[in-house]
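Peer 1: Can you look at this prediction? I've put the sequence above it.
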Amino acid sequence: MTNVSLEVLEKTGALTPVSLTLPATISQDEYEALGTMLGTYRESLHWAIGDWLAYGERRWGEESYQLSEALGISEASRLQYVRVATLIAPARRMRGLSWTHHRHVAHLDPEQQTELLQKALDNNWSKRDLGDAIAEMKGRDPKVGRMVVIEAVAEAAERVWLAAEVEDDHYRVPSGQMLDLGRSLGAAVDG
């Protein structure tokens, strides 16, 4: 099992959409190698999805949005994946940093992206450390910025709650309030 791929695991029935079954005889080295592979695939899926979406946009334009529903993820997530993949060229993406690290710098110019990603890698920065460095670079106090964003999210959530209408035990909310909340949450994440 040392050089096992996900394809081999799928073919043997060990990997399904809802489970991973390992043999009782798996060694610690094999177990660790499989964990490394799964971790790598987990992180690379963000990039793969973003690059896939960007390709679809370039190739089929508006039609790609309908095709992208095949992913089974929210439109907001699809937009986030394609935004980051489009703004950070593959040559600037750094192994050893999470996709979220990259998402934090996506709004910066390419040179700043590279500089901050390299600092994050060299200094083993967490995502929050990187966010704090970006805030400081922009002349903001990172802690104050978090509080402002939290307040904006709370206010947007309250507007959603007040606008909600109950119908047959389901809440319906006008899209404008949900978009405001989504933008506030995006600011909280990218902040």
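Peer 2: Great, that's in hand.

Peer 1: worst-scoring helix or strand of this structure, pLDDT-wise?
Peer 2: helix 175-190 (a mean of 60; mean pLDDT, DSSP states H and E).

Peer 1: report the longest helix in the chain, please.
Peer 2: helix 28-60 (DSSP state H).

Peer 1: how about the strands in this structure?
Peer 2: 15-16, 19-20, 165-167, 170-172 (DSSP state E).

Peer 1: Dump those to TSV, plus mean neighbour count and mean pLDDT.
Peer 2: Bear in mind the C-beta positions are built from the backbone N, C-alpha and C, glycine included. Output for the strands of the chain, formatted as TSV (neighbours: other Cβ atoms under 10 Å; pLDDT from 0 to 100):
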stretch	mean neighbour count	mean pLDDT
strand 15-16	14	78
strand 19-20	10	86
strand 165-167	8	73
strand 170-172	10	71
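
Peer 1: out of those strands, nearest to A89?
Peer 2: strand 15-16 (31.7 Å; Cβ to Cβ).

Peer 1: which strands and helices sit next to that closest one?
Peer 2: For strand 15-16, the packing partners by 3 or more Cβ pairs under 8 Å, 6 or more residues apart in numbering; DSSP states H and E come out as helix 6-11.

Peer 1: quick check: mean pLDDT across the helix it packs on?
Peer 2: The average pLDDT for helix 6-11 rounds to 69.

Peer 1: can you list the domains in the protein?
Peer 2: 1-87, 141-191 (automatic domain parsing).

Peer 1: Go through those and find the least confident stretch.
Peer 2: Taking the mean pLDDT of the domains of the chain, domain 141-191 comes last: a mean of 64.

Peer 1: Pretty sure A164 sits against E158.
Peer 2: No: using Cβ atoms under 8 Å, A164 makes no contact with E158, being 10.7 Å away.

Peer 1: Which residue of these two possesses the greater neighbour count?
Peer 2: More neighbours surround A164 than the other of A164 and E158, with 15 against 12 (other Cβ atoms under 10 Å).
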